[in-house]
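> okay, here's the prediction I keep looking at, along with the sequence it came from:
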Amino acid sequence: MEKLAQFNRERVPERVVHAKGGGAFGTFKTSSDVSKYTKAAFLQPGVETDMLIRFSSVAGENGSPDTWRDPRGFAVKFYTSDGNYDLVGNNTPVFFIRDGIKFPDFIHSQKRLPGTHLRDADMQWDFWTLSPESAHQVTWLMGDRGLPASWREMQGYGSHTYQWINAEGERFWVKYHFKSNQGVKTITGDQAEELAGSDADFYIRDLQENIAAGNFPSWELHVQVMPYEDAKTYRFNPFDLTKVWPHADYPLIHVGTMELNKNPDNYFAQIEQATFAPSNFVPGIAASPDKMLQARIFSYADAHRYRVGTNHAQIPVNQPKNQVNNYSQDGAGRYLFNAPSVPVYAPNSVGGPAAVEPQNPAGGWENDGELTLSAHSLHAEDGDFVQAGALYREVYDDGAKARLLDTITGASAASRAPTSRNAPSSTGPTWTPNSVPSCAPTSARAKASRPRKQPTSCNNGLQRSNPAAEFAWRGCFFGMNSGSCLAFLGGFST
C-alpha cells in the first residue's frame, strides 16, 4: 500500500507557463570590473559563483516538442555569498505585453481552448492583433530566431530593466545580455516540424550530450548601463518590456563568463523542483518601475508556493549557500528549523536573529515621484511599431524578411475568419483609426503594380478575413513598402 500511495503522489503540478524545460549546473566568473556600477559581491572582479540554469518553452506543456516556435525561457540562479540571485529571462530581449495584468489573458490565448482542449491559432492572433504592443515580439518570434538550433546556440536576456547600486549609493539602470560563445544558429520551420515528430526532447538531449562529452557551452554576460537620471527624459520609456535600448545610446559592457559543466543527477529533484523568482535580489541589485517586473515579483514566488510548497526554498537545489536566519516556522515539507533555544517571535530579549541593516540605500525609486511619473507617461518615441519597424528594416536582410512573411502566411492558414470584429475602443497612442495608413497605395508605381482588392475595413486597421491577415496588414507599420505589403496580402482571401 505504501508503494502504491507513493506512486500516486510522484508528480507536482506542472508550471502554468514554461512547463517543458531542461537545465544544467555551472559557474559564472566575473572577469571585468563593473564595481563602479554595482556592489553585488558576485559581480566583483575575479569572483567565481556556482549557478544553475533552466531553459524552457513558454506555451507548451510537459511533453510538448522542444522545437515548437515559441520564446525560450532563460532562467539563471546564482548561488552568491549574499544569498541567491535569480535572473529570470528569455531568449528574446522584449515581450508581448508591458503590463502584468494582461499576462493571464496572454497565456490563455497561447494555450488550449477550454471546450475542445485543442490549441487554437485564432486565439493567438486575436490577442496579438488587438494588442499592438506585441508587434515587436511577434516580429522577433516569427523571424529566424524563433526557432533556435539548440539552447546552446541562442542568446539570453534579462529582458527587464533592473537597478544596480554601487558602494557609494549611486544608482544605475541595467539590461542583461548573454551572448552565446557557440554562436547563434537557427533551424527552418520544416526542420523544426520534423524534429517535433522524431525527437520531441531534442533540446534537452542536445544539452545533456554535449555536457557529458565535455563540450561545455558558455555565454558572455554583457550589460547596458543607463545613468539613473537619464530615465526621466529618455526618448522612450526605458522600463517598457516591449522595447530595447539602442546600443548606440548605451553600448554593451562586458561582465564575465557563464559556463555549464554539470548535468543534473536527478531531473525531478534538481530541475523540476527548482524555483526561480524575480524577487530574489542581493545587495547591489534591485527592481525598477517596469510594470511587468513588478507583477512577476509577486507572481513567481506565489506560483512556487502553490506548485512545490510553502517551504520550496528549503529544497536543496533552491537553498542559498549562506546561512538563513528568520522566524518562519512549520508548513508542509519543512525540515530545516531553529534550535529550541531560539525564540519564534521578534522582537525578543533572548538574542534571537536580528534584522540586518538595509544593504541598498534608502530613498529608492519608489519615493522618486518624478521618475515614477516619467515611467508611466508618454515619451517621444513610445510608438508600438517604431522598434518593430527598425527590426524589420534595419536588422533583417532580404532573406530574413522573406522568411518572416512566409512564416506569418503559414501561421494564418490555421486561422479561421471571425464572425465579427470591432476596433478596440482604446489601443494606446500609437494605434488609432486616424493613425492607420489608408489602404490606397501612395505611389504611382504601387498603383500600377496592384490589381488586387483592398482588405475590408483597411481604413481602421482591421480586416475581417482572419486575424493573421490583420496582423499582416499591420505589417505595413514594420516598414514594408506598399507593393511588398500588398503583395503579401494577396495571399489571403480579402
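Thanks, I have it. Numbers count the residues shown, from 1 in each chain.
> for the rest of this, base every contact and every neighbour count on C-alpha atoms.
Fine.
> so which residues of the stretch 51-200 of the chain form helices?
With DSSP state H, counting those that start in this stretch as the criterion, the stretch 51-200 of the chain has helices at 103-110, 121-129, 135-141, 189-198.
> run a quick neighbour tally on R11.
Neighbour count of R11, defined by other CA atoms under 10 Å: 11.
> ok, it - contacts?
By CA atoms under 8 Å, 6 or more residues apart in numbering, R11 lies in contact with nothing.
> buried deepest among the helices of the stretch 51-200 of the chain, which one?
When these are scored by mean count of other CA atoms under 10 Å, the highest mean neighbour count falls to helix 135-141 (a mean of 23).
> still on that earlier bit, nearest to M154, out of the helices of the stretch 51-200 of the chain?
Closest approach to M154 among those is made by helix 135-141 (13.0 Å; CA to CA).
> now that closest one: average pLDDT?
Across helix 135-141, pLDDT averages out at 92.
> which one of the helices of the stretch 51-200 of the chain has the poorest average confidence?
helix 121-129 (a mean of 86).
> circling back to that earlier point, would you turn the helices of the stretch 51-200 of the chain into a markdown table with distance to T310?
Output for the helices of the stretch 51-200 of the chain, formatted as a markdown table (distance: least, CA to CA, whole Å):
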| stretch | distance to T310 |
| --- | --- |
| helix 103-110 | 22 |
| helix 121-129 | 33 |
| helix 135-141 | 34 |
| helix 189-198 | 36 |
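> and the strands in the stretch 101-250 of the chain, which stretches?
For the stretch 101-250 of the chain, the strands defined by DSSP state E, counting those that start in this stretch occupy 156-157, 162-165, 171-180, 218-227.
> would you turn the ones you listed into TSV with mean pLDDT and mean neighbour count?
Output for the strands of the stretch 101-250 of the chain, formatted as TSV (pLDDT from 0 to 100; neighbours: other CA atoms under 10 Å):
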stretch	mean pLDDT	mean neighbour count
strand 156-157	98	26
strand 162-165	97	24
strand 171-180	98	23
strand 218-227	99	20
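> quick check: domain ranges of the protein?
2-125+147-318, 396-419+433-489 (automatic domain parsing).
> turn these into TSV, including distance to A346.
Below are the domains of the chain laid out as TSV (distance: least, CA to CA, whole Å):
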stretch	distance to A346
domain 2-125+147-318	20
domain 396-419+433-489	57
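> between these, which gets nearest to N325?
The nearest among those, by CA to CA, is domain 2-125+147-318 at 11.7 Å.
> now for D398, how many residues are close by?
Using other CA under 10 Å, D398 has 11 neighbouring residues.
> and it, how close does it get to T139?
Distance from D398 to T139, counting by CA to CA, to the nearest Å: 14 Å.
> do the same with L241
Taking CA to CA, one finds L241 at 15 Å from T139.
> hang on, the earlier thing: if you average pLDDT over each of the domains of the chain, which is lowest?
Among the domains of the chain, domain 396-419+433-489 scores lowest, with a mean of 49.
> doesn't Q294 make contact with A277?
No: look at A277 against Q294 with CA atoms under 8 Å: they stay out of range, at 11.7 Å.
> between these two, tell me which one has more neighbours.
A277 (23 against 16).
> that one falls within a helix, correct?
No: A277 is assigned coil when assessed by DSSP: H, G, I helix; E, B strand; the rest coil, not a helix.
> quick one, what contacts it?
The neighbourhood of A277, defined by CA under 8 Å, 6+ apart, consists of D86, L87, V88, R296, I297, Y300, A301.
> go again with 6 Å.
D86, Y300, A301 (CA atoms under 6 Å, 6 or more residues apart in numbering).
> how close does it sit to S299?
Distance from A277 to S299, counting by CA to CA: 9 Å.
> show me what contacts the most centrally placed residue in the chain?
Centroid check for the chain by CA atoms, centre = their mean gives N90 as the closest residue, at 3.8 Å. When contacts are counted by CA under 6 Å, 6+ apart, N90 is found next to R72, G73, F74, G156, Y157.
> swap the cut-off to 7 Å and go again
Taking CA atoms under 7 Å, 6 or more residues apart in numbering, we find N90 in contact with P71, R72, G73, F74, G156, Y157, G158, S159.
> how near is it to F178?
10 Å.
> quick one on the thing from earlier: out of the strands of the stretch 101-250 of the chain, which comes closest to I187?
Nearest of those to I187, taken as CA to CA: strand 171-180 at 16.3 Å.
> highest neighbour count among the contacts of A277?
Neighbour tally across these (other CA under 10 Å): the maximum, 22 neighbours, falls on D86.
> what's opposite that residue in the beta bridge?
K77 (DSSP bridges).
> what does N90 give?
G73, Y157.
> N261 and F25 touch, don't they?
Yes: assessed by CA atoms under 7 Å, N261 is found in contact with F25 at 6.3 Å.
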